[in-house]
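Asker: Coordinates for the following, if possible.
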Amino acid sequence: MSDASLSGWMRALVAYVRSGAPDLTNRQMALLMIVYLTPGPHTVRGLARVLGVSKPVVTRALNTLGALGYLRRERDQDDRRNVFVVRTSSGADFLEGFKRNIRGSERGGERNDADRRPALGQLAHAHR
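Answerer: Below you'll find the model as predicted:
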């Protein structure tokens, strides 16, 4: 990965932190993106397999994402023993905001004039 790629990712993450949106772990973010960006149906077992983690790890992440309203569990109408993980409008809105952070970082992280925080280039110099 090039320095430019890392710098773009850093700008996207800083914009995400500044946004005030809930801080998600990398595992929670990966889980959210898998559900939104890959075809379903999604199950805890399948998500655990994709991530290479145990089902309880996925369950804990889903509990947090469910409490935030970003994903929800839904019983399979054909086989009530199966539970699917499904998208929500709140989760879609969250990812749209994250996508805007990434797009902004690709454009060099333009800032709103009302934003009085230091520009990212100034952050590097401030810590020297």
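
Asker: Phe84 contacts Gly46, doesn't it?
Answerer: No. Counting by Cβ atoms under 8 Å, Gly46 is not a contact partner of Phe84; they are 9.6 Å apart. Bear in mind the C-beta positions are built from the backbone N, C-alpha and C, glycine included.

Asker: element containing the spatially most central residue of the chain, please.
Answerer: The residue lying closest to the centre of the chain (Cα atoms, centre = their mean) is Met29, at 3.5 Å. Assigned by DSSP states H and E, Met29 belongs to helix 26-37.

Asker: Please spell out which residues along that helix are buried.
Answerer: Neighbour counts using 16 or more other Cβ atoms under 10 Å place 28-32, 34-36 of helix 26-37 among the buried residues.

Asker: Check stretch 86-96 too.
Answerer: Neighbour counts over stretch 86-96 (16+ other Cβ under 10 Å) mark 87-88, 91, 94-95 as buried.

Asker: In PDB, could you pull the C-alpha coordinates for that stretch?
Answerer: What follows is stretch 86-96, C-alpha atoms only, in PDB (Å, rounded to 0.1, in the frame of the first residue of the first chain):
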ATOM      1  CA  VAL A  86     -30.400  -8.200   7.500                       C
ATOM      2  CA  ARG A  87     -29.800  -4.600   6.600                       C
ATOM      3  CA  THR A  88     -31.600  -1.600   8.000                       C
ATOM      4  CA  SER A  89     -32.100   1.900   6.800                       C
ATOM      5  CA  SER A  90     -30.000   3.300   9.700                       C
ATOM      6  CA  GLY A  91     -27.100   1.000   8.700                       C
ATOM      7  CA  ALA A  92     -27.400   2.100   5.100                       C
ATOM      8  CA  ASP A  93     -27.300   5.800   6.300                       C
ATOM      9  CA  PHE A  94     -24.200   5.100   8.400                       C
ATOM     10  CA  LEU A  95     -22.400   3.500   5.500                       C
ATOM     11  CA  GLU A  96     -23.300   6.300   3.200                       C
END
